[in-house]
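Q: Structure for this input, please:
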Amino acid sequence: MLKERIRIAPSILAADFTRLGEQLQACEAAGADWIHVDVMDGRFVPNITMGPMVTAAAHRATSIPLDVHLMIVEPDHMLEAFAKAGAKRINVHWETCPHLDRTIRAIKALGCDVGVAINPHTPAALLSEVLPLLDAVLVMTVNPGFGGQELITGTLNKIRQLRAMISATGQAIDLEVDGGVNLETAATVVEAGADVLVVGSALFTERYSVATGMQQLRSVLANKKPV
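A: A predicted model of the protein is given here:
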């Protein structure tokens with residue numbers, strides 16, 4: 001599968017929840033490729049966000065596929081609920097899955113694409129055994145838990161390592177980056193090898209519309225092609 005452009009996945013963690021449907025429709029009109037749903041449990045990360053009910057509401061409000069990111073302990077107990085809520089892809093954390101191969105296969109059995117996320121301190125090499133089973137790798141470029149953080153520049157080398165690992169498989173595995181992606185950093189993470197960008201506060205802001213934010217991002221990425 002040829003990837004003709006860098007994909008953008010707006011993160012509704014940064015959206016105005018009093019008008020979530022409106023903002024999802026704005027993302028769709030602006031050409032967003034995925035909607036990123038950040039699920040946090042207050043245990044694996046120091047924040048509590050949303051669950052299957054909000055995911056299902058987002059699924060009703062847009063035809064854009066939902067990229068659900070489970071930042072929760074014991075994610076296996078919630079896989080079916082998020083699949084039923086409309087997740088197209090379910091991302092689990094390497095750090096929370098003691099039987100990762102089993103979890104990956106369970107997600108696929110539910111009919112969803114599967115991604116594995118790794119925190120800034122987690123080595124890329126730990127994904128080598130499961131990489132051929134994945135549809136995506138999600139690199140956290142901030143410590144997960146809150147939006148609006150600055151990108152940790154030390155994670156750029158991990159993106160480069162994972163791009164080389166993915167290329168060696170010969171498979172069309174997405175390399176997604178989440179955290180601190182904005183107009184100043186988007187080109188840098190793409191140059192390192194990312195082809196899906198999770199973008200939150202740089203899109204959902206009072207300073208300009210979602211459409212303007214998407215247009216600005218596309219302009220920054222105009223000459224960037226997926227590796």
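
Q: and the helix or strand encompassing D101, what does it pack onto?
A: Using DSSP states H and E, D101 maps to helix 100-109. Contacting helix 100-109 under the criterion 3 or more C-beta pairs under 8 Å, 6 or more residues apart in numbering; DSSP states H and E are the following elements: helix 79-85, strand 87-93, strand 113-118. Using the backbone N, CA and C atoms, a C-beta is placed for each residue, glycine as well.

Q: shaky segments in this protein?
A: Residue ranges of the chain with pLDDT under 70: 1-3.

Q: when you compare where the longest helix along it runs with where strand 113-118 runs, what's the angle?
A: The helix spanning the most residues in the chain, taking DSSP state H as the definition, is helix 156-169. Put simply, helix 156-169 runs at 140 degrees to strand 113-118, going by axes from the mean of the first three to the mean of the last three C-alpha atoms, to 10 degrees.

Q: Give me the residues contacting the helix or strand following helix 156-169.
A: Next in sequence after helix 156-169, counting helices and strands by DSSP H and E, comes strand 174-178. Contact with strand 174-178 is made by 7, 9, 11, 36, 67, 69, 91, 115, 117, 135-142, 144, 159, 162-163, 166, 189, 193-198, as judged by C-beta atoms under 8 Å, 6 or more residues apart in numbering.

Q: Give me the sheet partners of strand 174-178 and which way each runs.
A: Each strand paired with strand 174-178, and its direction, by DSSP bridges: strand 136-140 (parallel), strand 196-199 (parallel).

Q: show me the contacts for L131.
A: So, once contact is read as C-beta under 8 Å, 6+ apart, L131 ends up touching V137, M165, I166, T169, I173.

Q: ditto for V181
A: Counting by C-beta under 8 Å, 6+ apart, V181 has contacts T141, L151, V189, L197, V198, V199, A202.

Q: Quick one: buried ones out of the contacts of L131?
A: Buried members of the contacts of L131, counted by 16 or more other C-beta atoms under 10 Å: V137, M165, I166, I173.

Q: Switch those residues over to CSV; also include distance to L131.
A: CSV is the format used below for the buried ones among the contacts of L131 (distance: C-beta to C-beta, whole Å):
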residue, distance to L131
V137, 7
M165, 6
I166, 7
I173, 7
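
Q: Would you tell me what helix or strand Q216 is located in?
A: Going by DSSP H and E, Q216 is in helix 210-220.

Q: Quick check: which helices or strands does that helix pack against?
A: Short answer (3+ C-beta pairs under 8 Å, 6+ apart): helix 210-220 packs on strand 7-10, helix 20-29, helix 186-192, strand 196-199.
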